[in-house]
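Chemist: I need the structure of the sequence given here:
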Amino acid sequence: MRVHPAPRKRAIAVQRRCGVAAAAAGMAGGKKLRRLPHIFAKVLELPFAADADVSVEEDAAALRFVAAADGFTPSGGASAHAVEIHPGVTKVVVRDLSAGVDGDDGAAAFELDRWRFRLPPCTLPAMATATYADGELVVTVPKGAAPDDDGDGAAAAVLGGPGVVESVLLLDVM
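Modeler: Predicted coordinates for the structure are as follows:
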């Protein structure tokens with residue numbers, strides 16, 4: 001058995017060496033966070049427990065979520081709303097149509113045990129739809145073109161409705 005000796009110093013000092021340019025720029029104070037970690041840009045939240053059985057189907061046009069609505073029985077139907085909870089962070093929530101716009105009580109808004117799904121960047125949460133029929137809740141989130149990395153907004157988009165497909169092809173000539 002090996003016994004390690006106790007350190008002589010109880011306080012451990014961290015020495016940082018900064019260049020003159022970094023010290024002049026104010027970087028000597030430490031590293032600042034530039035974005036929020038562990039927060040996703042697009043999230044779908046269903047009014048079920050986190051361990052609910054939800055079928056996720058993906059095709060070229062949309063993501064489809066099908067769940068047996070045991071605890072969620074909307075009398076007037078269901079609707080999907082895209083809520084921007086922070087600039088650049090959008091959450092799709094499903095509500096009962098008969099409850100109205102402000103139908104959520106305060107306790108349900110802060111419920112932590114909800115079924116959530118991280119949506120890919122190519123989805124369009126503002127165009128999400130929810131239907132309730134035969135005891136099943138079906139939420140459809142359509143897909144669009146993936147955002148381009150250079151940020152100039154010249155990505156091609158394919159948006160389709162029932163029977164209608166529009167396609168745009170943009171070519172950059174350099």
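Chemist: partners of Ala80 in the sheet?
Modeler: Val94 (DSSP bridges).
Chemist: Can you get me a residue count around it?
Modeler: 20 (other C-beta atoms under 10 Å). Backbone N, C-alpha and C define where each C-beta goes, glycine included.
Chemist: is it true that it touches Ala130?
Modeler: Yes - counting by C-beta atoms under 8 Å, Ala130 is a contact partner of Ala80 at 4.1 Å.
Chemist: where do the contact lists of these two overlap?
Modeler: Jointly contacting Ala80 and Ala130 under the rule C-beta atoms under 8 Å, 6 or more residues apart in numbering are 94, 139.
Chemist: quick one: low-confidence parts of this protein?
Modeler: 1, 4, 6-39, 71, 97-110, 146-174 (pLDDT under 70).
Chemist: Is Thr131 part of a helix or strand, or is it coil?
Modeler: strand (DSSP: H, G, I helix; E, B strand; the rest coil).
Chemist: Against Ala145, how distant is it?
Modeler: 25 Å (C-beta to C-beta, to the nearest Å).
Chemist: do the same with Ser75
Modeler: Ser75 is 38 Å from Ala145, by C-beta to C-beta.
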